[in-house]
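J.: Okay, predicted coordinates and the sequence, questions at the end:
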Amino acid sequence: MTRAKADFLRGLWNENPVFRLLIGLCPALGVTSTAINGIGMGLATSFVLLCSSTLISVIKNIIPAKVRIPSYIIIIATFVTIADLSMNAFAPELHRALGVFVPLIVVNCLVLGRSEAYASKMPVGLAAIDALGMGLGFTWALGALGGVRELLGTGELFHVQVMPAFFEPWGIMAAPPGAFLSLGFLVAIMNIISARMNKKTA
Amino acid sequence: MRESLRMVLVLTVIAMVSAGVLSQVYQFTSPIIAENQAERMESGVFEVLENVDSVEFIDGPFVMFRAYDADGNPVGFAYAGEGSGYAGPVRVLVGVDHETKEVTGITVLEHTETPGLGTQIEEEDFRSQFVGKDTDDDIEIDTDIDNITGATQSARAVAQAVRENLSEAISIYEGENH
């Protein structure tokens, strides 16, 4: 596997931010009451991650080490504000649903973490690929969490009724505890699948 | 000394570029955002009043609209109210009939209530209880409005939002009509 491919795939599975590294959990638990909210939040975070990682990688050599964290935070906050304003203008429904979690992307440790651990040391291309992989990994994780919770909590998926009429929605799945329950089960399922895959390759 | 100068310089440049970019983005998006909000409010007027053809904004301490039917006759008005919900403000738009000054309908504009519990304030069963209320009614949970199990605070917020501005909205509306 080439370096770029490995960097990209890492975020999707082996180092998936939500299911593997268990970081960025605040939005993962807070906004995943429906699949569309989860995906929307994931894409907004991916945008910020991709833009800030790329830019930080480009200017990494001119930022003095002692002020790198404030520099990163200003850059991240700028892209978050751009995402927040654009969503408010062009996707007002989604923006209303995600509420305060959009500005809070600034303090998502996934974004600062990738900047500090990866983008500040790697060439631009790899930094962008890593950010894209991590962002998409975050997006599918939040979409999966939201999908499970929406399906069991309301009987719908993407706001379309999919469960048979006799299905009684489990209210707790739409409520905050449902986020913890779903996350726990999804992490367990991912561990089982990974263990099986490792056995095969070993 | 040289190093600290460079730190100051780099941070300043980054902050200035950031401010410049953001002011551009803000200028570009703010009219669209304002338009979205006004549109959402206006479309709410059509939900809370019947036979509405055109809507006119009324200036006042809170957002109000006058509504007319296709012949230009007044059908009533709608006003925005706010109550404190469980997780944040609950904003509603209330329609009031021109003649009777009774509530014709309400719609929830904005809220951050608990999914599955507090979100029931958006449901027809709950909202329809406000229809027909006027200033003589209490408009209070557990007296003339049924509570929502597990979402008392959300239900109270809606009642508060409807109740608080009602009499003032009527006097503004009547004052404007004279």
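T.: Received, thanks. Residues are numbered from 1 along each chain as shown, chains lettered A, B, ... in the order given.

J.: contacts, neighbours, all on C-alpha from now
T.: OK.

J.: so what secondary structure elements neighbour the longest strand along chain B?
T.: Counting by DSSP state E, the longest strand found in chain B is strand B:74-84. Applying 3 or more C-alpha pairs under 8 Å, 6 or more residues apart in numbering or on different chains; DSSP states H and E, one finds that strand B:74-84 contacts strand B:64-68, strand B:89-97, helix B:152-177.

J.: Of the ones you listed, give the one that comes closest to chain A.
T.: With C-alpha to the nearest C-alpha as the measure, strand B:89-97 is the member of the helices and strands packed on strand B:74-84 nearest chain A (12.2 Å).

J.: Name the residues that touch that closest one?
T.: By C-alpha atoms under 8 Å, 6 or more residues apart in numbering or on different chains, the surrounding residues in contact with strand B:89-97 are B:41, B:44-45, B:48-49, B:75-84, B:102-112, B:154, B:157-158, B:161-162.

J.: Ok, stretch B:45-54 next?
T.: Residues beyond stretch B:45-54 that count as contacts (C-alpha under 8 Å, 6+ apart) turn out to be B:55, B:65, B:67-70, B:75-78, B:93-97, B:104-107.

J.: Most proximal residue of chain B with respect to chain A?
T.: residue B:33 (4.6 Å).

J.: wouldn't that residue be in contact with residue A:88 here?
T.: Yes - taking contacts as C-alpha atoms under 8 Å, residue B:33 lies within contact range of residue A:88: 6.1 Å.

J.: Identify the residue nearest residue A:4 in space, chain neighbours excluded?
T.: Spatially, and ignoring its direct neighbours in sequence, residue A:4 is nearest to residue A:126 (6.2 Å; C-alpha to C-alpha, 6 or more residues apart in numbering or on different chains).

J.: Strands of chain A, residue ranges please.
T.: Using DSSP E, strands in chain A cover A:156-157, A:160-161.

J.: closest one to chain B among those?
T.: strand A:156-157 (12.8 Å).

J.: Quick check: neighbours of that closest one in the sheet, parallel or antiparallel?
T.: strand A:160-161 (antiparallel) (DSSP bridges).

J.: So what touches the strand it pairs with?
T.: Residues outside strand A:160-161 that contact it (C-alpha under 8 Å, 6+ apart): residue A:155.

J.: Columns mean neighbour count and mean pLDDT on top of the strands of chain A, output as JSON lines?
T.: Listed next are the strands of chain A as JSON lines, based on neighbours: other C-alpha atoms under 10 Å in any protein chain shown; pLDDT from 0 to 100:
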{"stretch": "strand A:156-157", "mean neighbour count": "20", "mean pLDDT": "88"}
{"stretch": "strand A:160-161", "mean neighbour count": "11", "mean pLDDT": "86"}
